[in-house]
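> sequence first, then the predicted structure:
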Amino acid sequence: MEVYCTRPRCLRPKNHCPDLDDTTTLKTTPQKYCTSCGMPLLLDGRYVPINLLKRGGFGAAFLARDRRIPGMPLCVVKQLQPAGNLTPEQLETAERLFETEAEVLAYIGKEHAQIPDLFAYFPVIVSSLQSGLTDQFFYLVQEYIDGQNLEDELIQKGKFSEQEALEVMQEVLKILKFIHDKKIIHRDIKPSNIMRRQDGRLFLLDFGAVKQVTAASVSAGSSTGIYTVGFAAPEQIAGNLVFPATDIYALAATILNLLSGEEPSQLFDPYINKWTWWKKVNINPDLSYILDRMLLPAVNERFQSANEVLDALGQYLTPPTIIPKSKSSTSANTGNNTTKPVFSTWELLAGAAFSGFEAALVAIALSTLIQSPIISLSLASVILGLLIFAQTKRWIKKFNLLIIAVVSFATLLFIPEIVIPQVVFLSVAASLIAIAITALFRLIYKFLSRIM
Ligand SMILES: Nc1ncnc2c1ncn2[C@@H]1O[C@H](COP(=O)(O)OP(=O)(O)OP(=O)(O)O)[C@@H](O)[C@H]1O
């Protein structure tokens, strides 16, 4: 078994311990030491680090096994590793924040299914690499979420679709509502702190920058300067009081990062001090409006709570056709907030072209086969209505549209009276007219929703 040494500057952290492959030895061995630096490998007598997950500015996260639990389940061991050039005050702040993370996880991890549980928090004092001195390390052990964070997911699979981003937004808003109700502000919402478990369920990680709002500062806490550039709201960067709306701002920046695949700094024009994400992201105007309001520089003009944003989403959008993978597991916590299928401009235009094309074909076919114009027109309207309804429900979409169009055109060829060039001309013309009308309405709608 490979055991990973957690000493920050260990030169050969991977320790090969074949005797630990025997579970009896692994359970009973009193301690193991790193062959390179002499650091104790078994933490708190029970956690066995097996791999490094990530090393960040303030610490490292290791994948570990808990040898005291049958089956030795995986867990995550986070170690506080502040950079060496910190002043004693900064070091104290880093230690305090690490302890706060443990306190917050202990407080809410068990209560919310989408926040990792805390298993342990302890210091380890070891002899330093410099002779005669000792080093103190702090460890925090938490539930392992088997999956991928959204930063890695973005790198791996590319930009999120509007529907995927909406699902993330709603899920995270529900978790934010829970923590804000507990008077906790996360202060570091960003894709790498949102983890998608294998089953699709999202988890909020890294409570290392949280502010627990005390009774003395009922709705806000002052900022300590821990934040991520691009995602952090102006009041946090300025070191002023932070609010639930501070997390809401960071969530909007996160969603735009996922939608565009670009860093928030690329979506903001510092020259005019405004977000210019709309140059690179094309989404439903209602969602644009909501994101813009989440990103307003003045805290009091933003949505004030996660619930307000959820309400705004619920008001504009109706039930989804795509049910979030995690929906069944989260509805108990959060109620059923649902969204309507959102259509991109391309989807709308493709749908319009299809409907125009089909309208022409159906009208030609029925008027050729049925003598009464009233009956043929009524039948054509019903068929067209059904086709449009099926599209709004996403029962037919993408390639289905093409297949249906080709099949219906081919069917028409069996009607002897049909003049093919005429059919082609009329159906293409009807498609173009439908596209033009839809595009015009879409433009007017976008324009009105921007100025209102
Ligand atoms: N409970 C967990 N389960 C699975 N993976 C985790 C867990 N906690 C952390 N990780 C992984 O380790 C990474 C770093 O963790 P975390 O964000 O807590 O540390 P950090 O040093 O504060 O990072 P950053 O500075 O980027 O915020 C996460 O992005 C995630 O990929």
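Received the coordinates, thanks.
> in this structure, which residue sits nearest the ligand?
residue 56 (2.7 Å; Cβ to the nearest ligand atom). Where C-beta positions appear, they are placed from N, C-alpha and C, glycine not excepted.
> what about residue 152, neighbour count?
Applying other Cβ atoms under 10 Å, we find 15 residues neighbouring residue 152.
> same check, this time on residue 123
Counted by other Cβ under 10 Å, the residues lying close to residue 123 total 11.
> that one belongs to a strand?
Yes: assessed by DSSP: H, G, I helix; E, B strand; the rest coil, residue 123 belongs to a strand.
> make sure it is actually in contact with residue 140.
No: Residue 123 lies out of contact with residue 140 (Cβ atoms under 8 Å); the separation is 10.6 Å.
> tell me the domain ranges of this protein?
Domain assignment for the chain by automatic domain parsing gives 2-143, 147-333, 345-451.
> out of everything not next to it in sequence, what's closest to residue 142?
Distances taken as Cβ to Cβ, 6 or more residues apart in numbering place residue 116 nearest to residue 142, at 4.4 Å, with adjacent residues excluded.
> now that neighbour, what's its secondary structure?
coil.
> gap between it and residue 61?
According to Cβ to Cβ, to the nearest Å, residue 116 stands 11 Å off from residue 61.
> between the two, what contacts are shared?
residue 76 (Cβ atoms under 8 Å, 6 or more residues apart in numbering).
> show the contacting residues for the residue nearest to residue 142.
Neighbouring residues of residue 116 by Cβ under 8 Å, 6+ apart: 76, 105, 109, 142-145, 203, 205.
> and those residues, which of them are in helices?
Under the assignment DSSP state H, these contribute residue 105 to helices.
> now the helices for this protein?
Going by DSSP H, the chain shows helices at 23-28, 88-108, 150-157, 162-181, 234-237, 244-260, 285-294, 306-316, 327-334, 345-369, 373-392, 399-412, 420-451.
> tell me, how many residues neighbour residue 153?
The number of residues packed near residue 153 is 19, by other Cβ under 10 Å.
> correct me if wrong: it contacts residue 197.
No: judged on Cβ under 8 Å, residue 153 makes no contact with residue 197 at a distance of 11.7 Å.
> which residues of the protein lie near the ligand?
Counting by Cβ under 6 Å from any ligand atom, the residues of the chain lying close to the ligand are 53-54, 56-59, 61, 76, 78, 116, 142-145, 149, 188, 192-193, 195, 205-206, 208.
> which PyMOL command selects the buried ones in those?
Only the buried entries of the residues of the chain next to the ligand go into this PyMOL selection, using 16 or more other Cβ atoms under 10 Å:
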select buried, resi 53+58+59+61+76+78+116+142+143+144+145+149+188+192+193+195+205+206+208
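> where does pLDDT dip in the stretch 51-200 of the chain?
In the predicted model, the stretch 51-200 of the chain carries pLDDT under 70 at residues 57, 83-85.
> buried residues in stretch 41-54?
So, applying 16+ other Cβ under 10 Å, buried residues of stretch 41-54: 41-44, 46-50, 53.
> can you tell me how far residue 257 is from residue 154?
Using Cβ to Cβ, residue 257 is found at 7 Å from residue 154.
> residue 269 now?
The value you get for residue 269 to residue 154, if Cβ to Cβ is used, is 22 Å.
> so between these two, which is more surrounded?
Ranked by neighbour count (other Cβ under 10 Å), residue 269 and residue 154 place residue 154 first, with 19 against 12.
> related to what we said a few turns ago, which one of the domains of the chain is the most hemmed in?
Compared across the domains of the chain, domain 147-333 shows the largest average neighbour count, a mean of 19 (mean count of other Cβ atoms under 10 Å).
> next one: it to chain centre, how far?
What separates the centre of domain 147-333 from the centre of its chain is 8 Å, taken as Cα atoms, centre = their mean, to the nearest Å.
> quick one, what contacts residue 78?
Counting by Cβ under 8 Å, 6+ apart, residue 78 has contacts 59-62, 98, 101, 139-142.
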